[in-house]
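Peer 1: I'll drop the sequence and a predicted model, then ask my questions.
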Amino acid sequence: MLLLTGATGLVGSTLLNRLLAEGTDVRCLVRDPRRLGAQRVRVQIALGDLTDPPSFRNALRGVQTVVHLAAAIRDQPQGSIEEVDCIATWRMVEAAERLGVERFVFFSALGASSHNRTRLLRAKALAEQAVREADLRSIVFAPSIVYAPGDRWLTLLERLALLPAMPVSGRGHASFQPIWAENVADCVVAALRAERPEAHARHELCGPETLSHNDIVRVVLRSLGRKRALVHVPTALVSRGLHLLERLTGPGAFATWDEAELMEVAMTSARGAADAEALGVRPQRMAAVLGLG
């Protein structure tokens with residue numbers, strides 16, 4: 001039995017389809033089973049969430065492998081970024097150890113560090129440390145930006161592209177190696193199949209090219225067939241504006257400063273796409289995924 005958290009997310013929904021197609025017995029930890037759509041009748045349901053540690057016990061019973069994808073890039077009504085991404089992961093790892101789970105798969109992020117300027121990457125670093133120090137076999141994936149056509153991030157860029165000019169937070173110089181969610185799911189499946197002798201494996205997942213934030217916005221604009229000048233909005237102004245928006249609209253804000261700040265921190269690996277290719281996956285270029293050939 002495999003426990004999957006984040007099954008309704010960008011990578012999780014794609015991965016769930018792969019696992020079910022292979023005949024894997026999957027249990028999903030979810031607050032609302034309806035969000036699983038038609039797949040809810042093909043999986044076991046464990047009601048709960050990351051901010052409800054008592055729900056972990058039932059979710060983990062009889063489980064050999066945990067694939068922990070659930071995360072938050074903004075504060076949630078149920079808990080802050082630190083509570084969801086760090087503390088909840090630590091508690092789940094402890095519960096997995098107690099209940100005899102054999103393998104724990106965790107999604108960190110490139111650039112995760114306890115000294116990073118962003119809350120998300122600091123939380124991910126501490127969570128990754130908890131996974132690495134646990135008495136469990138573990139696989140850690142550290143991706144650059146993960147995307148898919150129609151996802152929340154690209155949809156936001158598409159809406160902004162309706163403006164006469166395209167706003168970009170800061171100078172747009174931070175570098176990324178974007179990787180398609182489908183390619184990420186392929187890497188996870190390949191890693192789950194491979195039996196490795198080491199107790200702890202780590203894979204940095206990147207696409208085949210390095211793009212700045214400006215480059216990514218231009219690729220999206222080309223895919224939409226829109227020509228727009230990029231207008232760089234000073235970081236301080238973006239920060240103040242988004243913090244004010246959050247105070248006025250609450251968790252329903254279309255964007256938060258914690259999300260915007262991630263686009264000003266480089267997320268690249270010197271190994272490029274090598275780790276994905278070692279798993280038998282050749283990541284596609286962002287332009288190709290978005291239909292630009």
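Peer 2: Ah, there it is.
Peer 1: From Arg74, how far off is Pro251?
Peer 2: Going from Pro251 to Arg74 by CB to CB, to the nearest Å gives 7 Å. Any C-beta I mention is one placed from the backbone N, CA and C, and that applies to glycine too.
Peer 1: Let me see the confidence value for the closest residue to Asn183 other than its chain neighbours.
Peer 2: Among residues not flanking Asn183 along the chain, Pro283 sits closest, at 4.4 Å (CB to CB, 6 or more residues apart in numbering). Looking at Pro283, its pLDDT reads 98.
Peer 1: can you check the one 4 residues further on too?
Peer 2: Ala287 is assigned a predicted lDDT (pLDDT) of 97.
Peer 1: Wait, it touches Arg222, no?
Peer 2: Yes: here Ala287 lies in contact with Arg222, judged by CB atoms under 8 Å, at a distance of 7.3 Å.
Peer 1: if you count what's nearby, which of those two comes out ahead?
Peer 2: The residue with more neighbours, out of Ala287 and Arg222, is Ala287; 17 against 14, by other CB atoms under 10 Å.
Peer 1: a helix runs through that one, doesn't it?
Peer 2: Yes: assessed by DSSP: H, G, I helix; E, B strand; the rest coil, Ala287 belongs to a helix.
Peer 1: Who are the contact partners of Leu156?
Peer 2: Each residue near Leu156 by CB atoms under 8 Å, 6 or more residues apart in numbering is listed here: 254-255.
Peer 1: In three-state terms, how would it be classified?
Peer 2: Three-state assignment for Leu156 (three-state DSSP): helix.
Peer 1: Around Leu248, how many other residues sit close by?
Peer 2: Leu248 has 8 neighbours, counted by other CB under 10 Å.
Peer 1: Can you tell me the element it falls in?
Peer 2: helix 235-249 (DSSP states H and E).
Peer 1: and that helix, what does it pack onto?
Peer 2: helix 257-262 (3 or more CB pairs under 8 Å, 6 or more residues apart in numbering; DSSP states H and E).
Peer 1: what sits up against the helix it packs on?
Peer 2: With CB under 8 Å, 6+ apart as the test, helix 257-262 has contacts from 73-75, 81, 117-121, 169, 238-239, 242-243, 246.
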